[in-house]
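next one to model:
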Amino acid sequence: MNIMLVSVMERRREIGIRKALGARESDIWGQFLVDSALLCLAGGIIGVGIGWGGSTLINNMGWTTTVVTSNVVFLAVGVSVFIGLFFGFYPAWQGSRLDPIQALRSE
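Just a heads-up that it's a prediction; the model follows:
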């Protein structure tokens, strides 16, 4: 959530320009939610890759047998995207409600 709040603050000028040109609140809101979901999707995929690599390493060392199924992979990535949407909602809402004049004034 903090990363998305910082993203909104850094892009205030962009938000102001888009709103001044006629973007609706739902357009801005959607932009930040998609941004948050894609960021968490990438993190989820990286996490699955690290987990798969660790699982393969443990199997090759002979300590125990591990199995990575597609259900677990989809669940892990799905939970990651859900968390991104959940914690990206407030920053997206806050960014969509910015006044264009105040957003353009901020530097």
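
what sits against V8?
Neighbouring residues of V8 by Cβ atoms under 8 Å, 6 or more residues apart in numbering: 15, 32, 91-92, 94-95. The way it works is simple: take the backbone N, C-alpha and C, and place the C-beta from them, glycine included.

cutoff 10 Å now
14-15, 28, 32, 35, 88, 90-96, 98 (Cβ atoms under 10 Å, 6 or more residues apart in numbering).

what is the nearest of the residues you listed to G49?
Of all those, G49 sits closest to D35, with 21.6 Å by Cβ to Cβ.

pull out the buried residues from whatever helix or strand S80 lives in.
For S80, the host element (DSSP states H and E) is helix 70-96. Applying a neighbour-count criterion of 16 or more other Cβ atoms under 10 Å, one finds 73, 76-77, 80-81, 83-84, 87-89, 91-92, 94-96 buried in helix 70-96.

so L75 makes contact with G51?
No. Contact between L75 and G51 fails when scored by Cβ atoms under 10 Å: they sit 11.8 Å apart.

who touches V48 in this structure?
68, 72-74, 76-77, 80.

pLDDT weak spots in the chain?
106-107 (pLDDT under 70).

need the outlier residue of this protein, farthest from its centre.
G62 (36.6 Å; Cα atoms, centre = their mean).

ok, now how distant is I3 from G51?
22 Å (Cβ to Cβ, to the nearest Å).

before we move on, back to that, widest-spaced pair of the contacts of V8?
Across the contacts of V8 (Cβ to Cβ), the longest gap, 18.9 Å, separates E14 and Y90.

many thanks, I have nothing further to ask.
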